[in-house]
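Colleague: dropping a prediction and its sequence here:
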Amino acid sequence: MKPRAAKGRRQGAVSEEAARNPAGVSRPLMVQATQVLGAVLSFEHPADAVLSQHFREHREIGHRDRGFIAESVYGVLRRLRWLRRIAGAEAGPRQLLLAWLARGEGWPMRNFEGLASTTERDWVAELKARDSGEGDLSVAERADLPDWLAERLLAGSDEAALLALAHSLNRPAPLDLRVNLLKSDRDALLARLRADGFEAAPGALSPQAIRLGGKPALQKHPAFLDGSFEVQDQGSQLLGCLVQPRRGEMVVDFCAGAGGKTLQLGAMMRSTGRLYAFDVSERRLARLKPRMARAGLSNVHPVLIAHEHDAKLKRLAGKADRVLVDAPCSGLGTLRRNPDLKWRQSPGSVAEMVVKQGSILAAAARLVRPGGRLVYATCSLLEEENDAIADAFLAAHPQFRAVAAGEVLAAQGIAIDAGERLHLSPAAHDTDGFFAAVFERLSGPADAPAP
Ligand SMILES: C[S@@+](CC[C@H](N)C(=O)[O-])C[C@H]1O[C@@H](n2cnc3c(N)ncnc32)[C@H](O)[C@@H]1O
C-alpha cells in the first residue's frame, strides 16, 4: 500500500495544543480524519489496513484521537448510502464527514465552530434541516446495503428481519477476549482485569470468553503480553468448540491465517498432539508465529501451501482426527468491524469465493480419518457460501454424515439454538455473523487419490 502522507509534524498534524471543540475535536484532527476517509473511500485497500497504516505513520496521534478518526471513518462507511442521499451523490470525504457528524452523531452547530468554514457551517445547518426523504427509501437504502446484497439477504427472510439484521450490522462490535486455558482460567482473568479497572463480564455464549466494556487499549496489558488472552469474537470461539479437539490428537486448521482459531485449538489440546496450521498466505502465517510463542504453544506446525491441492497435504490423507476449514469468504458477517466489505464485495467476488470454498472443503475432507470430524465454517451470512456449500459437500461425499452442531455444543454445556448447523448473527446472538456445519467421516475405504 502506498503511503498517503509524509511523516512527521506538518500542516494537518494533530497536536495537543490545537484548539478543540466541545467534543474534543480540533481542526487538524478533522483534516486527518478527512484524509483517511478519502483513502478508505477509494476502496483499494481494506479500511482497517488503511487506518493501521495511517496510525503507524502518525504515532503522535493519541488513543482518543485515533478513536475519533476510526469511529468517524467507520460511521461514514456504515451509513454511506444514507449520507450520500442527504449530502448529495457527489459529496467528497470532507462533506461526508461533516454530514456524519451533523446527522449521524447529532453534533449541535456550536461543535462546528472553529472546525468548519462559514460556507461549510451554512451547508451543515441546511443539512441538519434537510428531510432525507426516509419515507421513499427502498429496503436496501433503509438497511444501508447495496441492492444486490439486500436482495440476497431478503431471500428466505422478510423485511423486518432484514432491517433488524442490518441495524445490528451497522453498529460497532463489542470487544471479546478468549482466555488462554494454558495460562489462566476465566475467573482468574476476570479478577485480574477488574482489579485493573476494566469493565469485564463472562461471555454469555462461549465458556472461554470475557466481554469488555468500551474499547480499552490492550496491546500493552501484562495479561496480553504474558499470553493469558487473545482478542476473539465469541462467535469465532464457538467454531473452535465445534472442532472440540482433544489432547494428543492430530488436528488440521486448513485455512489458519494469522491463527485466531489455531491458538484456541492449540490451547484446547493443552499444547499436546500435532496441530497443523495451513494457509496460502505467507504474510498471515508469519503473524501467527509470535502469537504462538506468546500463547505458550509448542504443538502448532505452520505450513505454507500453494493451494488446496498442494503435494505437502498428501501424506496427511486419512490421518487427521479433526479438520477445520475456516474458509476464505465474503466476510459479510463481520460488517460491524469491517463495514467497507459491503461496498467492496460484489456478486462476482462472491461467485468466485463459492467455487474456492467448495474446492477447499473437498480437499480438506481427504485429510479426515474414518470416524474423524470435519468442520466447515465462514464468517458470511450468504446462503450460497454457507448451507449451499454444506449441502453440495454432503451430496458429493457419501462417506461423510452430518453431525448436529447444537448437540456438539450442548455436550460442552453451551446452550444455543443451533440445531443442525450453526447460524450466528449480531441481531440474534450479539456475535459476528458465523456459519458452521459439522461432518463426521464414516468408517470405510479411503478416498481415491486426488486428481
Ligand atoms: C477466514 S480466513 C481464516 C481466518 C483464521 N482461521 C482465523 O481464525 O484468524 C481464510 C484464510 O484462508 C486462506 N486461504 C485462501 N485460500 C486458501 C487455500 N486454497 N488453502 C488454504 N487456505 C486458503 C486465506 O489466506 C485466509 O487466511
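Modeller: Nice, thanks for sending it over.

Colleague: only C-alpha atoms from now on, for both contacts and neighbour counts.
Modeller: Will do.

Colleague: part of a strand, is residue 437?
Modeller: Yes - checked against DSSP: H, G, I helix; E, B strand; the rest coil, residue 437 lies within a strand.

Colleague: what average pLDDT does stretch 430-444 get?
Modeller: Mean pLDDT, stretch 430-444: 94.

Colleague: quick one: buried residues of that stretch?
Modeller: The neighbour-count check on stretch 430-444 (16 or more other C-alpha atoms under 10 Å) flags 430-442 as buried.

Colleague: can you redo these as JSON lines with distance to residue 379?
Modeller: Formatted as JSON lines, these follow (distance: C-alpha to C-alpha, whole Å):
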{"residue": "430", "distance to residue 379": "14"}
{"residue": "431", "distance to residue 379": "11"}
{"residue": "432", "distance to residue 379": "7"}
{"residue": "433", "distance to residue 379": "6"}
{"residue": "434", "distance to residue 379": "4"}
{"residue": "435", "distance to residue 379": "6"}
{"residue": "436", "distance to residue 379": "9"}
{"residue": "437", "distance to residue 379": "12"}
{"residue": "438", "distance to residue 379": "15"}
{"residue": "439", "distance to residue 379": "18"}
{"residue": "440", "distance to residue 379": "22"}
{"residue": "441", "distance to residue 379": "24"}
{"residue": "442", "distance to residue 379": "27"}
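
Colleague: out of those, flag the one nearest to the ligand.
Modeller: The ligand lies nearest to residue 434 out of these, by C-alpha to the nearest ligand atom, at 10.4 Å.

Colleague: which of the buried residues of stretch 430-444 are close to the ligand?
Modeller: For the ligand, no contacts are drawn from the buried residues of stretch 430-444 by C-alpha under 6 Å from any ligand atom.

Colleague: and the residue nearest to residue 184 when sequence neighbours are not counted, how many neighbours does it have?
Modeller: Closest residue to residue 184 apart from its sequence neighbours, by C-alpha to C-alpha, 6 or more residues apart in numbering: residue 228 at 5.8 Å. Around residue 228 there are 23 other residues, counting by other C-alpha atoms under 10 Å.

Colleague: contact partners for residue 228?
Modeller: 179-184, 189, 295 (C-alpha atoms under 8 Å, 6 or more residues apart in numbering).

Colleague: low-confidence bits of this structure, can you list those?
Modeller: Within the chain, the ranges that satisfy pLDDT under 70 run 1-17, 132-133, 444-451.

Colleague: need the residues of it near the ligand, please.
Modeller: Contact residues, the chain versus the ligand (C-alpha under 6 Å from any ligand atom): 254-261, 278-281, 307-308, 326-328, 360.

Colleague: strands along the chain, start to end?
Modeller: With DSSP state E, the ranges of strands along the chain come out as 175-179, 200-202, 209-212, 229-231, 250-253, 274-279, 300-304, 320-326, 368-378, 400-403, 422-424, 434-441.

Colleague: and the residue of the stretch 51-200 of the chain closest to the ligand?
Modeller: Closest to the ligand within the stretch 51-200 of the chain is residue 178: 12.3 Å, counting by C-alpha to the nearest ligand atom.

Colleague: surely that residue meets residue 230?
Modeller: Yes - counting by C-alpha atoms under 8 Å, residue 178 does reach residue 230; the two are 5.3 Å apart.

Colleague: of those two, which one has the most company?
Modeller: Neighbour totals were compared for residue 178 and residue 230, and residue 178 leads with 26 against 23 (other C-alpha under 10 Å).

Colleague: which residue packs closest to that one, ignoring adjacent ones?
Modeller: Sequence neighbours aside, residue 209 is the residue nearest to residue 178 in space, at 4.7 Å (criterion: C-alpha to C-alpha, 6+ apart).

Colleague: tell me how many other residues crowd that neighbour.
Modeller: Residues near residue 209, counting by other C-alpha under 10 Å: 27.

Colleague: and it, what does it touch?
Modeller: With C-alpha under 8 Å, 6+ apart, residue 209 has these contacts: 176-179, 186, 202-203, 234, 237.

Colleague: same thing but 7 Å
Modeller: Going by C-alpha atoms under 7 Å, 6 or more residues apart in numbering, residue 209 touches 176-179, 202-203, 234.

Colleague: what comes into contact with stretch 119-129?
Modeller: With contact meaning C-alpha under 7 Å, 6+ apart, stretch 119-129 is reached by 99, 102-103, 112.

Colleague: okay, and which of these map to helices?
Modeller: If you go by DSSP state H, these have residue 99 in helices.

Colleague: and the contacts of stretch 119-129 as CSV, adding neighbour count?
Modeller: Putting those into CSV (neighbours: other C-alpha atoms under 10 Å) gives the following:
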residue, neighbour count
99, 24
102, 19
103, 18
112, 24
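
Colleague: determine which two of the contacts of stretch 119-129 are furthest apart.
Modeller: Farthest-apart pair in the contacts of stretch 119-129 is 103 and 112; separation 12.6 Å (C-alpha to C-alpha).

Colleague: on that earlier part again, which one of the contacts of residue 209 is nearest residue 29?
Modeller: Distances from residue 29 to the contacts of residue 209, taken by C-alpha to C-alpha, are shortest for residue 176, at 28.8 Å.

Colleague: what number of residues lie near the closest residue to that closest one other than its chain neighbours?
Modeller: The spatial neighbour of residue 176 that comes closest, neighbours along the chain excluded (C-alpha to C-alpha, 6+ apart), is residue 211 at 4.5 Å. By other C-alpha under 10 Å, 21 other residues sit near residue 211.

Colleague: please consider this matter closed, and thank you.
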